[in-house]
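Colleague: what would the 3D arrangement of this be:
(one chain, ligands or ions: 2)
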Amino acid sequence: MSESFPDVPKISFEGPRSKNPLSFKHYDPDEVVEGRRLEDLLRFAVCYWHTFRGTGVDPFGAPTLLRPWDDGTDSIDNALHRVDVAFEFMTKLSVPFYCFHDRDVAPDGPTLQAANENLDRIAARLKEKQGETGIKLLWGTANLFSHPRYMHGAATSCNADVFAYAAAQVKKAIEVTHELGGENYVFWGGREGYHNLYNTDMQRELAHLARFMHMAHDHAKSIGFTGQFLFEPKPKEPTKHQYDFDAAACINFLRANGLEDVVKLNIETNHATLAGHSMMHELEYARIQGFLGSIDANTGDLLLGWDTDQFPTDVYLTTQIMLVILKQGGLAPGGTNFDAKVRRESTDPVDLFHAHIGGMDTFARGTKIAARIRTDGVLDDLLKNRYCSYDDGVGAQIEEGSVGFAGLERYMLDKGEAAPNESGRQEYIENLINEYL
Ligand code: XUL
Ligand code: CO
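Modeller: Numbers count the residues shown, from 1 in each chain. Ligands and ions are numbered 1, 2, ... in the order given. This is a model prediction of the structure:
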């Protein structure tokens with residue numbers, strides 16, 4: 001079979017002094033950081049939807065990314081050929097994982113039956129290619145937002161038949177994920193949200209969403225799928241208000257509906273910023289409560305208010321991300337999925353390589369910087385000192401729960417005043433972090 005990227009060799013690590021744009025300058029999969037090979041720690045994944053189905057279409061313009069290997073049809077043959085292209089790309093890039101929605105990889109069909117048969121045919125090819133290359137499936141998911149039937153949502157649709165169709169689609173997507181050895185299964189809200197509360201029964205819609213997730217979990221159990229379930233927060237787009245708004249809203253939803261033991265979060269940078277948070281905030285909020293499962297690695301543009309899904313190139317950002325992930329000891333069985341797309345003006349197939357190489361190098365740098373900060377313990381010392389008043393005396397009693405309001409009143413009446421005069425040292429610590437960059 002002829003190659004689709006004949007001018008691109010297998011990308012290898014050449015070190016920071018290399019001038020070869022088709023090489024890694026910082027990502028050496030075998031480099032050991034905090035006891036783990038970078039490949040095993042970062043668990044990079046290519047996403048099928050942007051990288052192999054992205055056309056550059058936007059609300060103002062037609063597709064610009066016309067790929068030489070793609071005949072533009074929705075045929076099975078085209079989809080099968082695309083699988084070969086994808087695995088050539090991923091093999092040359094040396095990524096261990098990929099992710100997909102059911103409808104990215106296989107054509108939809110006029111009936112559910114036809115769509116399922118299409119998916120089975122493509123899944124067989126995916127399985128073959130996984131076996132040949134050793135590339136694994138990080139997660140699968142179902143596209144419950146593109147088809148017009150989902151205009152009012154899927155699990156939160158006002159129409160029960162749509163709920164049923166979505167359930168059948170997710171049943172199949174979990175089965176295919178299981179068949180391909182997928183390590184996780186993702187629920188991103190899609191159109192689960194609303195534009196207008198006058199026509200929306202929010203209480204009923206949220207209850208339906210919870211039923212849906214329980215059914216998914218029950219089915220996964222019944223077929224022996226033990227992969228991790230992940231819920232992906234996003235505050236808006238396509239609806240004005242998505243139910244999976246941010247980590248806090250998702251965790252509350254999971255706990256309120258008895259799903260806290262079976263679903264973790266897949267946190268995406270651009271979604272965090274759309275919610276008015278930093279990625280570091282979202283990760284830390286999820287981590288401290290045991291909900292940090294996986295990440296969608298990308299970045300937004302702070303001058304634009306929408307989900308631009310750009311590749312991460314900011315070392316400061318990846319350092320912050322990795323400070324949290326290293327604290328947790330990594331993400332496995334989750335990973336780092338590049339839910340990111342090249343710009344519609346980046347029309348050359350080789351741009352797909354530059355984009356991923358940049359993202360992987362930026363994460364490798366952030367990882368090494370974060371590890372050095374952690375080894376030196378500068379943040380630990382700062383935190384420890386800042387909260388040391390809770391280590392003994394009244395602070396320890398507060399933390400243990402051995403004192404109440406009356407006791408604290410007695411303590412304070414006696415003492416007269418609380419006078420916190422320790423500096424927060426924000427500028428000092430920001431300068432210190434910069435020294436590690
Ligand atoms: C949409 C988004 C999705 C999910 C998977 O903004 O991030 O691609 O990651 O459905
Ligand atoms: Co995503």
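Colleague: domain parsing for this structure?
Modeller: 32-376, 379-436 (automatic domain parsing).
Colleague: can you list the low-confidence ranges for the stretch 251-400 of the chain?
Modeller: Across the stretch 251-400 of the chain, not a single residue meets the criterion (pLDDT under 70).
Colleague: what number of residues are in the vicinity of whichever residue of the stretch 51-200 of the chain sits closest to ligand 1?
Modeller: In the stretch 51-200 of the chain, the residue found nearest to ligand 1 is W188; the distance is 3.5 Å by CB to the nearest ligand atom. For glycine as for every other residue, the C-beta is placed from the backbone atoms N, C-alpha and C. Neighbourhood size, W188 [other CB atoms under 10 Å]: 23.
Colleague: now the most centrally placed residue in the chain: phi and psi?
Modeller: Centroid check for the chain by CA atoms, centre = their mean gives D296 as the closest residue, at 2.4 Å. Backbone dihedrals for D296, given as degrees, to the nearest 10, come out at phi -100, psi 110.
Colleague: that one reaches M279, doesn't it?
Modeller: No. Using CB atoms under 8 Å, D296 makes no contact with M279, being 10.1 Å away.
Colleague: who touches both of these two?
Modeller: Residues touching both D296 and M279 by CB atoms under 8 Å, 6 or more residues apart in numbering: I267, T269.
Colleague: just to revisit the earlier point, right, and the residue of the stretch 51-200 of the chain closest to ligand 1 touches D244 too?
Modeller: Yes. Between W188 and D244 a contact is recorded at 7.3 Å, counting by CB under 8 Å.
Colleague: intersection of neighbour lists for those two?
Modeller: Taking CB under 8 Å, 6+ apart as the criterion, W188 and D244 both touch F231, E232, K234.
Colleague: now render the residues you listed as CSV, adding secondary structure and distance to A419.
Modeller: Output for the shared contacts of W188 and D244, formatted as CSV (DSSP: H, G, I helix; E, B strand; the rest coil; distance: CB to CB, whole Å):
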residue, secondary structure, distance to A419
F231, strand, 44
E232, strand, 45
K234, coil, 44
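Colleague: can I get the residues you listed in JSON lines including pLDDT and distance to ligand 1?
Modeller: Formatted as JSON lines, these follow (pLDDT from 0 to 100; distance: CB to the nearest ligand atom, whole Å):
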{"residue": "F231", "pLDDT": "98", "distance to ligand 1": "11"}
{"residue": "E232", "pLDDT": "98", "distance to ligand 1": "5"}
{"residue": "K234", "pLDDT": "98", "distance to ligand 1": "6"}
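Colleague: by neighbours, which of those wins?
Modeller: Going by other CB under 10 Å, K234 tops the shared contacts of W188 and D244 with 26 neighbours.
Colleague: grab the nearest non-local neighbour of that one.
Modeller: Computed as CB to CB, 6 or more residues apart in numbering, the closest residue to K234 that is not its neighbour in sequence is H271, at 4.2 Å.
Colleague: picking that back up, and the domains of the chain, which is most packed in?
Modeller: Among the domains of the chain, the stretch with the highest mean neighbour count (mean count of other CB atoms under 10 Å) is domain 32-376, at a mean of 19.
Colleague: measure that one end to end?
Modeller: Criterion CA to CA, to the nearest Å; first-to-last residue distance in domain 32-376 is 17 Å.
Colleague: that one close to ligand 2?
Modeller: Yes. Domain 32-376 is in contact with ligand 2 by CB under 5 Å from the ion, via E268, D296, D339.
Colleague: of those residues, which is the nearest to T91?
Modeller: Using CB to CB, D339 comes nearest to T91 of the residues of domain 32-376 next to ligand 2, at 20.7 Å.
Colleague: please, which helix or strand holds E128?
Modeller: Using DSSP states H and E, E128 sits within helix 112-133.
Colleague: surely F245 touches P235?
Modeller: Yes. Under the criterion of CB under 8 Å, F245 makes contact with P235 at 4.6 Å.
Colleague: what touches both of the two?
Modeller: A275.
Colleague: so Y185 bridges to which residues?
Modeller: Counting by DSSP bridges, Y185 forms beta bridges with G140, F229.
Colleague: fine by me, thanks again.
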